[in-house]
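Kindly generate the corresponding structure for this input.
(2 chains)
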Amino acid sequence: MKDTEGYVTADGRQIGGQLMELKNITLKFGGVTAISDISFDIHEGEIRAIIGPNGAGKSSMLNIISGFYTPTEGELWYKGEKRPAMKPYEIARMGVARTFQNIALFEGMTVLDNVMTGRLTHMNAGIGAQALWWGKARDEEMENREKVERVIDFLEIQNIRKTPVGRLPYGLKKRVELARALAAEPSILLLDEPMAGMNVEEKEDMSRFILDVNDEFGTTICLIEHDMGVVMDLSDRVVVMDYGKKIGDGPPDEVRNNQDVIDAYLGVPH
Amino acid sequence: MPDQTGILGGKNLTHMAEGAEGLRSVPALLHRNATVYADRPAYREKEYGIWQTWSWSEVADEVEALALGLMNLGVNEGDHIAIIGRNRPYLYWSMVAAQMAGAVPVPLYQDAVAEEMEYVLSHCGARFVIAADQEQVDKVIDVQEHLHQFEHMIYVDPRGMRKYDHRRLHEFSHVQAQGRAAYDEFIEDLKIRRERLDYDSTCVMLYTSGTTGKPKGVVLSNRNIVESAKASAEFDNLTAGEEILAYLPMAWVGDFIFSLGQAYWTGFCVNCPESAETMKTDLREIAPSYYFAPPAVFEGQLTQIMIRMEDASDFKKKMFHYFMDHARKVGPDLLEKKPVGMMDRLKYKLGELMVYGPLKNALGFSNVRVGYTAGEAIGPELFDFYRSLGINLKQLYGQTEATVFITAQPDGEVRSDTVGVPSPGVEVRIADNGEVFYRSPGVFVEYYNNPDSTAGTKDAEGWVATGDAGFFDKSNGHLRIIDRIKDVGKMSDGSMFAPKYVENKLKFYPNILEVVVFGAGKDRCTAFVNIDLTAVGNWAERNNIAYASYQELAGHPEVLDTIQSHIEETNKSIALDEMLSGCQIHRFLVLHKELDADDGELTRTKKVRRKIIGEKFADLVGALDDGSKNIYTETEVTYEDGRKGKITATLEIRDAKIVPVTTTKIAAE
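Okay, here's the model as predicted:
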């Protein structure tokens, strides 16, 4: 059954049609099969979670979506078209932004500069104009800076705008990463374990920001997360992976009661 | 009591009887400013990293649109409109728009929890609420079923508000747009309402922070606000060119008079910070010429300086201390234009170049022409520190019921131990029991719906009891405040007990955030101490002392040693004051939690609620008195989201050395 129509979530939000569809994806590294024959889709405006035990292939799946890996087999359809093999930066230009499991910011640069790098895909002035900060480069920077400032305001990091990232605590760095991804104005935002290593308060803040981003900008979000409580509260639909296979897919409540999922998480006697 | 000589301050009494040129309300002042200062900046707010500016004529337009929008929503004359949020131009406009529509603005403390808001909202019977953002809206929604008169709420920031039920919720900009659309329908009525405002109509209602009991709604008329603003602006020669930063709670009378009363009277520009966290950066960028802060803010800034100096290189440290010592010696004299030797002048100039100038720049005080500290007594060492840098910091004594001003220090007559001479138009007298009374055009109208309290505070002739004990210094005619009259007591041997005096001395140490001294009716004084987590935490970091929580650090033996040495030093200096030498601290403990307004231990303006603390920690007070070495205690705490938890601790109680006093003690009067 192919479902390209939207649906209505439990809390009454209208979700749009299919934004991305992954068909029979398989990923092999030599003799190791990281992902085998997985299909699922992501609808416009939803928060889609991918969960699973360690080594299940979640991050590999995210890397396929972001274009870092090319699947060995299978197709990826994006905005109604089949996506050919591309470089990650080309995919970024198509509106896919991400954050990383291990923070990947420029430590020596300020928060503002880091977030500005999120706008790079939107800037095309030549190197000469940029060096002189003249003409198109200047207009472009002003326009992009305004967009960046809106993101800074949204994520409430005005007070660290000019602070070098290296001096920030872990939880704030995660937020800066989110800011950089948001600055790219993505149509789909990939979050690789946004809450990893956070305390309860930081998790609460981050959850609120994720919900607000989804609500305010209508951004489609696909996230990987270990904290089951967070996943179940945040997401509209959940894909469960185990040993590279899909073992469950559906709304949180349905997935929670799926016997395969329970077995994968709690273990079964062999 | 009544027949004592009143001391009449100031000289500008002639115009007090009437409002000058028909400027008898804040909306009237706005109208004048929009004409006279049309294109000059009235408000700035940093948003999206840039200072956004509104001119006086733009403000007049925004306010009128909002007033029309409020009328469109059904605001009637005499309605109360609660205003909740941090300092933003939109909320200041809301106050003026409310007045224009004939309603009474009631600003609330934005960090109050829902139950506190419920009390105020239901006490004033607010029909409308203007809230800054989702956080404030949520609090009102939490309690709205208990608010029988509440009808509509307007919010400024639409973020996160989309899913709310919008039958009774309106976005600020939409209300303005609807007001503009309904211009023809309401403008005539609005003009009539605006004309009807006179000196006796209510300008604002401010709830006192309430060191004791429930907050009371202080009704202030246009006369109170306009006259006070006028007199105080003349006192300090404020002009339309001043720049101020509005960062203190909007519900505090000080902010109302500085950021609204004086701003509208003189036409100067009010700058609003980007967020509470960026206040220090914004302060530096604006570099205000007129600045006011409660002592706690100055204390916090001094602590920051000291911490950063500890981290500086040896050379810088030496330079800092060398020039600061010199500044303490000659700085205050230079500021007051007293004669100072040539060499000392040159050295101070050099210091200005090397230390004072950069320091003032970092603090955002480069342009301060007039600075005030008010709200609470300030420690003399703290006060002198800022004066010695060449910052014209002065003390002011006032309260909500007086529309701030009771006394203030004129330029050139600034002392750390007095609060100045009566402000223009204010009469002050001291009653037999030492209590300070005043009468002025700023004296409040009444406590809202509370005639008993009104009668208990203000007599038929308009004299108001301050609740503070004080006396006039014979040598210079300045008022000196000792303490709250109910706090000033006697120790069991009859000597005078003034806790605030001791507490302020101790709070000068960067390591000490708050102190509560007990001693009334006892033979010895004892104290609770709160450490300053920033300062002590920094010290711990430098000395490789690991700690997991405030509680653990507060109980660290080395921390206790440090606090003990501070207390013993203070005891030495108290011993020099023969009237108060009995107030030396014999025993103390460092509390396991920070005193917090959410737990009811402080007021929202961060004043200590002595009685509540004494009752809540009765076991600890008992242990201080009975000589035990340790005490186990359990305390309930309230988290910022309203949840409650419990913390337990075993606290060590220490004895401090006291200095024997040889002179005979002078009994308190």
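
from here on, contacts and neighbour counts on C-alpha atoms
OK.

which sections of the chain are below the confidence cut-off?
Went with chain A since none was named. Where chain A drops to pLDDT under 70, the residues are A:1-4, A:268-270.

That was the other one, I meant chain B.
Across chain B (using pLDDT under 70), the flagged ranges come out as B:1-21, B:210-212, B:642, B:662-669.

Now do the domain split for it, please.
B:29-38+B:50-197, B:293-484, B:489-655 (automatic domain parsing).

now those domains as a markdown table including mean neighbour count and distance to chain A?
Below are the domains of chain B laid out as a markdown table (neighbours: other C-alpha atoms under 10 Å in any protein chain shown; distance: least, C-alpha to the nearest C-alpha, whole Å):
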| stretch | mean neighbour count | distance to chain A |
| --- | --- | --- |
| domain B:29-38+B:50-197 | 20 | 6 |
| domain B:293-484 | 19 | 15 |
| domain B:489-655 | 18 | 11 |
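
In CSV: these, plus distance to A:Asn63.
Shown next, in CSV, are the domains of chain B (distance: least, C-alpha to C-alpha, whole Å):
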stretch, distance to A:Asn63
domain B:29-38+B:50-197, 31
domain B:293-484, 44
domain B:489-655, 38
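
Helix or strand: which one has B:Gly614?
If you go by DSSP states H and E, B:Gly614 is part of helix B:610-616.

Let me see the residues that make contact with that helix.
B:Val516, B:Gly600, B:Glu601, B:Val621 (C-alpha atoms under 8 Å, 6 or more residues apart in numbering or on different chains).

Can you tell me which of these end up in strands?
Counted as lying in strands by DSSP state E, out of the contacts of helix B:610-616, are B:Val516.

tell me the two of the contacts of helix B:610-616 that are most distant?
With distances taken as C-alpha to C-alpha, the most widely separated pair in these is B:Gly600 and B:Val621, at 17.9 Å.

So what's the residue count around the residue of the stretch 151-270 of chain A found nearest chain B?
Nearest to chain B, among the residues of the stretch 151-270 of chain A, is A:Asn159, at 4.8 Å (C-alpha to the nearest C-alpha). A:Asn159 has 18 neighbours, counted by other C-alpha atoms under 10 Å in any protein chain shown.

Helix, strand, or coil at the residue nearest to the spatial centre of chain A?
Closest to where the C-alpha atoms of chain A average out (C-alpha atoms, centre = their mean) is A:Leu190, at 0.9 Å. Secondary structure assignment for A:Leu190 (DSSP: H, G, I helix; E, B strand; the rest coil): strand.

nearest spatial neighbour of it, skipping sequence neighbours?
Spatial nearest neighbour of A:Leu190, chain neighbours left out: A:Arg98 (4.4 Å); criterion: C-alpha to C-alpha, 6 or more residues apart in numbering or on different chains.

give the contact list for B:Ile154.
Contact analysis of B:Ile154 by C-alpha under 8 Å, 6+ apart lists B:Phe128, B:Val129, B:Ile130, B:Ala131, B:Leu169, B:His170, B:Glu171, B:Phe172, B:Val175.

Show the subsequent helix or strand relative to whichever strand or helix holds it.
Using DSSP H and E, B:Ile154 maps to strand B:152-155. Using DSSP H and E, the helix or strand that follows strand B:152-155 towards the C-terminus is strand B:169-171.

What is that next one packed up against?
The contact analysis (3 or more C-alpha pairs under 8 Å, 6 or more residues apart in numbering or on different chains; DSSP states H and E) places strand B:169-171 against strand B:152-155.

Parallel or antiparallel, which strands does the strand it packs on pair with?
Take DSSP bridges as the rule and strand B:152-155 pairs in its sheet with strand B:128-131 (parallel), strand B:169-171 (parallel).

From the chain's centroid, how far away is that strand?
With C-alpha atoms, centre = their mean, to the nearest Å as the basis, strand B:152-155 stands 28 Å off its chain's centre.

try stretch A:12-32
13 Å.

Can you dump the C-alpha atoms of that stretch in PDB for me?
Coordinates of each C-alpha in stretch A:12-32 appear next as PDB, following Å, rounded to 0.1, in the frame of the first residue of the first chain:
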ATOM      1  CA  GLY A  12      -4.100  17.000  16.000                       C
ATOM      2  CA  ARG A  13      -1.300  18.300  13.800                       C
ATOM      3  CA  GLN A  14      -1.800  17.800  10.000                       C
ATOM      4  CA  ILE A  15       1.200  16.100   8.500                       C
ATOM      5  CA  GLY A  16       1.900  16.500   4.800                       C
ATOM      6  CA  GLY A  17       2.600  14.000   2.100                       C
ATOM      7  CA  GLN A  18       5.800  12.000   1.500                       C
ATOM      8  CA  LEU A  19       9.000  14.100   1.400                       C
ATOM      9  CA  MET A  20      11.500  11.300   1.200                       C
ATOM     10  CA  GLU A  21      11.100   7.600   0.500                       C
ATOM     11  CA  LEU A  22      13.800   5.000   1.000                       C
ATOM     12  CA  LYS A  23      13.200   1.800  -1.000                       C
ATOM     13  CA  ASN A  24      14.900  -1.500  -0.200                       C
ATOM     14  CA  ILE A  25      18.100   0.100   1.000                       C
ATOM     15  CA  THR A  26      21.100  -2.200   1.500                       C
ATOM     16  CA  LEU A  27      24.500  -1.000   2.600                       C
ATOM     17  CA  LYS A  28      27.500  -3.300   2.600                       C
ATOM     18  CA  PHE A  29      31.100  -2.600   3.700                       C
ATOM     19  CA  GLY A  30      33.000  -5.500   2.100                       C
ATOM     20  CA  GLY A  31      31.500  -8.600   3.600                       C
ATOM     21  CA  VAL A  32      29.700  -6.800   6.300                       C
END
